[in-house]
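Asks: Okay, here's the prediction I keep looking at, along with the sequence it came from:
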Amino acid sequence: MGMKKNIIVFLFFFVSGCSDYAASSIEDEYAFVYSDDFTKVFEMDSAESVDLPEGVNALRSYKAKYAHGESFNLQIYLDERVNIKLDKSEKTFIVYDNALNGFLRFSDKAGFLDKSIEDKFFNQEKKQSDEYGYLVISYAEDLIVAGGITRYTKKLIPSYTLIEVMLPGPDVEAVYLYTGDTPLTEYGEIMDLTNKLAETGDLSAEGYLKVPLPEEIQTFYMNNCGDLCPP
């Protein structure tokens, strides 16, 4: 076994039928775990809750298929104790909306007739990418990847921020969420950060919250990795 995988990611989130799912159930489509704090919001059995970092109240894993292939997605339910640097209450990034299930998939590009709208649209996306591109770090045995949140919302559940990230592979053991106010934006700085994580296994001094993935989540990914399974 080598180095574990860590990923830094930005997320957008969609919640569905949480009260129907057991805390540690592993299904073909997903795995879902929750903390005891989650049972104070939803009618769920506290006896099935698991230990999660403070402010991280639930995790849901699933595998998605896109035109370019498959991805391992992780949804994270955060309460007000975790600060994630997001400038809006809700956001869907163009990179997501150009995917197979995105709002802009009716065309290969947005193609606005009014080019001033198009310029504003894509400039805003670039601004988001530059400022918030490295909020999440994913950590696995042989790969550490920094990335952005694919979708998120602060509007769906009162006092919750729901985020979604794509993991670089099925064997990620932890993700690190940036909870400070000034995220790094330069690639070189991010590389220094991931190198430090590989050496020390700790980024708390840099403002990152470590979220270990429980066994139920890891087992789901490894049981459903197919051709993407590690050798």
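Replies: That came through, no problem.
Asks: Find the residue closest to Asp202 in space, skipping its chain neighbours.
Replies: Of all residues not flanking Asp202 in the chain, Lys210 sits nearest, at 7.7 Å (C-beta to C-beta, 6 or more residues apart in numbering). Quick note: C-beta positions are derived from backbone N, CA and C, even for glycine.
Asks: Name all residues that make contact with the one you found.
Replies: 53, 174-176, 202-204 (C-beta atoms under 8 Å, 6 or more residues apart in numbering).
Asks: Buried only: go through these for me.
Replies: Burial by neighbour count, 16 or more other C-beta atoms under 10 Å: within those this picks out 174-176, 203.
Asks: can you tell me which of these are in strands?
Replies: For the buried ones among the contacts of Lys210, membership in strands holds for 174-176, with DSSP state E as the criterion.
Asks: Pick out whichever of those sits closest to Leu197.
Replies: Tyr176 (7.2 Å; C-beta to C-beta).
Asks: Surely the closest one is in contact with Leu135?
Replies: No: here Tyr176 does not reach Leu135: they are 9.3 Å apart, not a contact under C-beta atoms under 8 Å.
Asks: Among the contacts of Lys210, find me the one that's closest to Thr219.
Replies: Ranked by distance to Thr219 (C-beta to C-beta), these are led by Ala174 at 15.1 Å.
Asks: Pairing partners for that closest one in the sheet, please.
Replies: Tyr139, Pro212 (DSSP bridges).
Asks: what's near enough to touch Val56?
Replies: 35, 76-78, 82, 209, 211.
Asks: In strands, which of those residues appear?
Replies: Going by DSSP E, the strands hold 76-78, 209, 211 from the contacts of Val56.
Asks: how about the helices in this structure?
Replies: According to DSSP state H, the chain carries its helices in the segments 94-97, 115-132, 187-200, 215-223.
Asks: So, low pLDDT: which residues of the chain?
Replies: Residues of the chain that meet the criterion pLDDT under 70 lie in 1-28, 66-68, 87-115, 117-132.
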